[in-house]
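[1] the following block contains a protein sequence and its predicted model.
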Amino acid sequence: MSVDQVCLIVDDVEFDRRMMRRVMAKYCPEMPLIVARNLGEARARLREKNVSILFLDNALPDGMGVDFLSEMSTDKKLRTVPVIIVSDFPSPFMYAKAQAANVCEVWSKREFVGPAVRRVVQKHVRVVH
């Protein structure tokens, strides 16, 4: 992978961020990881780094992840970032909004497991040698 390829995890719950970090470290150790606790921090990280894949919680203190996708879609650089929504309680309404926003996948938190993470990273992150 290229050194500028970075994974961004956006989640406001420390327990979930730790779990996601552990899974990423074990199953995608070559992928640098940055985190954000809310959408404001996510905006800053997206400006600072070339994010190659985004794991985005839906319910955040400053807004809904699925609504943030429409903001990303207006930015030429950000609209191409693969997004996986990772939510405690995915709802049919959220699935519909995510599908309309071209989200790669929608997972519950318990689906954030090594094989699934590895598969989605391999599928959506271009490997550069």
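    Yep, it's here.
[2] low-confidence ranges in the protein?
    Low-confidence segments of the chain (pLDDT under 70): 1-4, 90, 100, 127-129.
[3] would you map the strands across it?
    Listed in chain order, the strands of the chain (DSSP state E) span 6-10, 33-36, 51-56, 59-60, 63-64, 83-87, 105-108.
[4] could these be laid out in TSV, adding distance to Ser73?
    C-betas here are computed from N, CA, C, even on glycine. Formatted as TSV, those follow (distance: least, CB to CB, whole Å):
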stretch	distance to Ser73
strand 6-10	16
strand 33-36	18
strand 51-56	13
strand 59-60	18
strand 63-64	15
strand 83-87	10
strand 105-108	17
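[5] TSV for these, including distance to Arg45 and mean neighbour count?
    Below are the strands of the chain laid out as TSV (distance: least, CB to CB, whole Å; neighbours: other CB atoms under 10 Å):
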stretch	distance to Arg45	mean neighbour count
strand 6-10	5	23
strand 33-36	5	18
strand 51-56	7	24
strand 59-60	13	18
strand 63-64	15	16
strand 83-87	14	24
strand 105-108	20	17
